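**Q** give me a 3D structure for the following:
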Amino acid sequence: MGGSLEAEQAERPEPNWDLVAVDYLYDHMTIPALCRRHRISRGELLRRAARHKWKTLRQHDTDRLILINEMLGVLELQIGHLEEAKMTQTGEKEVAVLGKLATTLEKLIDIEDKSKAPAGTGENMQELRNKLARRIENLKRK
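**A** Sure, this is the predicted structure:
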């Protein structure tokens, strides 16, 4: 079984390192997302970046906008699952966890809004907050 990883890597096509470099240098995705996109390991990416002296424009992998988008996606997915499921099996715990996640998302959005100059993005964030709040309230009523 020790050779299965080596066999898998041998069968995998060679990544297009030019595209990997462009994403690494200029895209604002996280390292794990970049690795998933190009089907490479974190080690492969970081070794290649060091060998070729790639300097990324990314600030950090924990960029608030990335976190907000990821968390919003998770919330949407979980709410969708709850809406599709029979509410007889959905307890108050699930709704409470979703409420806490929504609160965390709201705090991240508030921090992001306060760190930027007012440019109208707060309206979009408020719309997202309202949509999440309505969906969570609907779940609580069921």
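**Q** tell me the domain boundaries of the chain?
**A** Annotated domains of the chain cover 8-51, 64-141 [automatic domain parsing].
**Q** for those, which has the smallest mean pLDDT value?
**A** Here the lowest mean pLDDT among the domains of the chain goes to domain 64-141, at a mean of 74.
**Q** that one: how far from the chain's middle?
**A** 14 Å (CA atoms, centre = their mean, to the nearest Å).
**Q** for this structure, which segments count as strands?
**A** Remark: no strands are assigned in the chain by DSSP state E.
**Q** show me the longest helix that occurs in it.
**A** In terms of residue count, the longest helix belonging to the chain (DSSP state H) is helix 92-115.
**Q** using PDB, write down the CA coordinates of it.
**A** Presented in PDB, the C-alpha positions along helix 92-115 are these (Å, rounded to 0.1, in the frame of the first residue of the first chain):
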ATOM      1  CA  GLU A  92     -32.900  23.400  18.200                       C
ATOM      2  CA  LYS A  93     -29.200  22.600  18.300                       C
ATOM      3  CA  GLU A  94     -28.800  22.800  14.500                       C
ATOM      4  CA  VAL A  95     -30.700  26.100  14.400                       C
ATOM      5  CA  ALA A  96     -28.600  27.500  17.300                       C
ATOM      6  CA  VAL A  97     -25.400  26.500  15.600                       C
ATOM      7  CA  LEU A  98     -26.500  28.200  12.400                       C
ATOM      8  CA  GLY A  99     -27.400  31.300  14.400                       C
ATOM      9  CA  LYS A 100     -23.900  31.400  15.900                       C
ATOM     10  CA  LEU A 101     -22.300  31.000  12.500                       C
ATOM     11  CA  ALA A 102     -24.500  33.800  11.100                       C
ATOM     12  CA  THR A 103     -23.400  36.000  14.000                       C
ATOM     13  CA  THR A 104     -19.800  35.200  13.400                       C
ATOM     14  CA  LEU A 105     -20.300  36.000   9.700                       C
ATOM     15  CA  GLU A 106     -22.000  39.300  10.600                       C
ATOM     16  CA  LYS A 107     -19.000  40.200  12.800                       C
ATOM     17  CA  LEU A 108     -16.600  39.500  10.000                       C
ATOM     18  CA  ILE A 109     -18.600  41.500   7.600                       C
ATOM     19  CA  ASP A 110     -18.800  44.400  10.100                       C
ATOM     20  CA  ILE A 111     -15.000  44.300  10.600                       C
ATOM     21  CA  GLU A 112     -14.500  44.300   6.800                       C
ATOM     22  CA  ASP A 113     -16.900  47.200   6.300                       C
ATOM     23  CA  LYS A 114     -15.200  49.200   9.000                       C
ATOM     24  CA  SER A 115     -11.800  48.600   7.500                       C
END
